[in-house]
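Novice: Sequence and computational prediction follow.
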Amino acid sequence: MTTATMKKSEVGELRPSQLLLTFGVGAIVDLPNMSVMVMGLDDWPTKHATEIGEERLLLSVQNTLGSQVKKLLTPPRAEESLSGQTSWFDEAHQVGVPVVPFPRWMVCPKCRLLAPISSSLFEPKTPPYRPDKARYVHNCTTQGASPTVIPARFLVACKHGHLDDFPWLEFIHKGQTECKGPLRMYELGVSGEAADVEVKCEKCNAVRRMAEAFGRDNESNMPPCKGRHPHLRMFDSKGCDEGHVTAILQGASNSWFSVMLTALSVPHSTDKLAQMVVDNWVTLEKATSLEILQAFRMIGQLKEFADFKDVELWEAVEKKRSGGPAVPAGEPTSLKRPEWEIFSQPSPAYNTRDFRLKVVPPPEGYASFFEKIVLAEKLREVRALIGFTRLESACDFDTPTDLPIDLRAPLTRQAPSWVPASEIRGEGIFFHFSEKALQKWEKEHGAYDGEFFNAHKRWKESRGMPKPDAGYPEIRFVLLHTFAHAVIRQLSIECGYTTASIRERIYCQSPAAGEPMAGVLIYTAAADSEGTLGGLCALGRPDRLGSHLNKALEMMRLCASDPLCAERHPGREGVTLHGAACHACTFVPETSCERGNKYLDRSVLVETVERGDLAFFE
């Protein structure tokens, strides 16, 4: 942590995957003694970062952020000690991402003083040899140790990604004021609700309850947004046109949403050497001559190419550098198209070190619903963080690239030259739906497709989103999406996988939009050994998969919340984007879902207590 009064030291630990999904750039991390904000990429050290090679994903990132992005890098990480024991003086404890204390306003739990760190009323304390116990204290008592101050748990944000300390002085005095306090924060109840929190100015005796800052009826009580990006130490140069900021709590789940682009590493060529060159291009592109290539081999960087001569390898490198083998287009909307083509037409010739497919027939009773089942014995997924949002999730849009640029907060002050990324290896099961059966079902239920479309349009209009008619994924997506959730929930119950360690990847496109796609990939996406032990593929064998599908669909017939759940209709009760679906029967963790638990309805799968005319699996 780097501040004006504290030396650089380790104040906490996060897993590399958390720096992309949960506590990335601009997010607030709660530590035992303080809360901190992760700073922008300008301040990240790259010395201990590792470059990840995935051309399709890099091209999509460049199409979104600009061609100046040259690399996908892992978060900086120190090498682990062989003995497993380290001291606080080891260099490993100096490796990490920079953070600063945020919010800057603190509260003394003893005297209830509310003041910013910059007031110098709070003293920083770092115990010798234990920088992870760094904290701020308030010398307000002579009896016992000085109390550790805690962050003021109220902040303000806007949908354009701006975040700031709560405007305490303006709020208490109901506008701009010359009065500087001091302020005291009192908890008048035991519930912790905003209605029980009172802030008082001791100088002018102004008093106000925090409940007046929350809710639509109190928006006028809040000042305009200043356009602050605390993770970049700057204010937005364009300002902010938001009329009033929104008050949020420090730990609010809507204070930070990651905007990610994700791609599976699929082969581009049946030529083994050419594909190996693509897979190792991060290293091979640095070889600008045959002599450098030979040097790489001498230091053990090219062990995978032991079966090939230097001249053969150099020719393949030169061919790749001159434009071959061709990498599928990197347009964000086409990230899934190359993957669909490989999964729908699998061939042993495409199997590589990180990608291996095996085709098996559909289980008994499901031949009319699926073209084939494909076991992905090996998969590699790469994720890249391209920004983040506040208050509104990127899952509200069809794809992350559909998110308006003014809602996506930047990762750097200037255009970034690299973005943080992670790679995960796992396995999965791909369900290739029968296009004939699916089109027949869609034709019979066009009316319900129209109802879902109207719900989609009303939902976007209620949130003030542009082009409410655009981005509707159609009724086939509802079917594929609900099926994916049913299978994920069943596998997590029956087979020991946690629900959060399994993800969905849906390939959906109607014939009217182009070449049709109808497939669901269920795969492990946990950054540990749980997703690489072969357990999920074993469940995809025909003799076992049929039983799991039967149980998954049977679970969809009846919900613990029925008949209320089954009677739910898209758009009928309020503004919703799902039908018969709830946490008891269909929802999964949002880290496992592509669309934030929207566009779901179990009545399109099987007969429910409310209706049976929509079921695809009759």
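Specialist: All right, it came through fine.
Novice: So in the chain, which strand runs the longest?
Specialist: strand 370-389 (DSSP state E).
Novice: So what's the gap between that strand and the chain middle?
Specialist: Distance, stretch centre to chain centre, for strand 370-389: 14 Å (CA atoms, centre = their mean, to the nearest Å).
Novice: ok, now stretch 608-618?
Specialist: Counting by CA atoms, centre = their mean, stretch 608-618 comes out at 33 Å from the chain centroid.
Novice: Enumerate the positions of that stretch that are buried.
Specialist: Residues 608, 610-611, 614-617 are the ones in stretch 608-618 that count as buried (16 or more other CB atoms under 10 Å). Where you see a C-beta, it was placed from the backbone N, CA and C, and this is true even at glycine.
Novice: And stretch 47-64, by the same measure?
Specialist: Buried, per 16+ other CB under 10 Å, within stretch 47-64: 48-49, 52-61, 63-64.
Novice: so after the longest strand of the chain, what's the next helix or strand?
Specialist: Counting by DSSP states H and E, the element after strand 370-389 in chain order, helix or strand, is strand 418-433.
Novice: Give the pairing partners of that following strand; include direction for each.
Specialist: If you go by DSSP bridges, strand 418-433 pairs up with strand 71-73 (parallel), strand 370-389 (antiparallel), strand 517-524 (antiparallel).
Novice: quick one on the thing from earlier: just put the buried residues of stretch 608-618 in a markdown table and tack on secondary structure and distance to residue 436.
Specialist: Formatted as a markdown table, the buried residues of stretch 608-618 follow (DSSP: H, G, I helix; E, B strand; the rest coil; distance: CB to CB, whole Å):
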| residue | secondary structure | distance to residue 436 |
| --- | --- | --- |
| 608 | coil | 25 |
| 610 | coil | 28 |
| 611 | coil | 24 |
| 614 | coil | 19 |
| 615 | coil | 17 |
| 616 | coil | 13 |
| 617 | coil | 15 |
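Novice: Tabulate these (CSV), appending pLDDT and distance to residue 452.
Specialist: Shown next, in CSV, are the buried residues of stretch 608-618 (pLDDT from 0 to 100; distance: CB to CB, whole Å):
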residue, pLDDT, distance to residue 452
608, 91, 16
610, 86, 16
611, 84, 14
614, 89, 11
615, 91, 16
616, 92, 15
617, 90, 19
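Novice: For stretch 104-122, measure first residue to last.
Specialist: Start-to-end span of stretch 104-122 (CA to CA, to the nearest Å) is 11 Å.
Novice: for the record, mean pLDDT for that stretch?
Specialist: Averaging pLDDT along stretch 104-122 gives 89.
Novice: buried sites along it?
Specialist: In stretch 104-122, counting by 16+ other CB under 10 Å, buried: 104-108, 113-115, 117, 121-122.
Novice: returning to what we had before: please tabulate the strands paired with strand 418-433 in TSV, including the columns mean pLDDT and distance to residue 428.
Specialist: Formatted as TSV, the strands paired with strand 418-433 follow (pLDDT from 0 to 100; distance: least, CB to CB, whole Å):
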stretch	mean pLDDT	distance to residue 428
strand 71-73	90	22
strand 370-389	91	4
strand 517-524	93	3
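Novice: Please identify the most buried of those.
Specialist: Most buried of these by mean neighbour count (mean count of other CB atoms under 10 Å) is strand 517-524; its value is a mean of 24.
Novice: to the chain's geometric centre, what's the distance from that strand?
Specialist: Using CA atoms, centre = their mean, the offset of strand 517-524 from its chain centre is 19 Å.
Novice: thinking again about what came up before, out of the buried residues of stretch 104-122, which is nearest to residue 291?
Specialist: Using CB to CB, residue 104 is the member of the buried residues of stretch 104-122 that lies nearest residue 291, at 55.4 Å.
Novice: From residue 53, how far off is residue 278?
Specialist: Distance from residue 278 to residue 53, counting by CB to CB, to the nearest Å: 8 Å.
Novice: right, I mislabeled it, should have said residue 615
Specialist: For residue 615 relative to residue 53 (CB to CB), the value is 45 Å.
Novice: same check, this time on residue 577
Specialist: 37 Å.
Novice: Equivalent analysis for residue 390, please.
Specialist: Distance from residue 390 to residue 53, by CB to CB: 32 Å.
Novice: for the stretch 1-150 of the chain, what spans make up the strands?
Specialist: 28-30, 35-38, 71-73, 99-101, 105-107, 113-116, 123-125, 135-137, 150-151 (DSSP state E, counting those that start in this stretch).
Novice: Now do the buried residues in the helix or strand bottoming out on mean pLDDT in the chain.
Specialist: In the chain, no helix or strand scores lower on mean pLDDT, DSSP states H and E than helix 272-279, which sits at a mean of 72. Across helix 272-279, burial judged by 16+ other CB under 10 Å covers 273-279.
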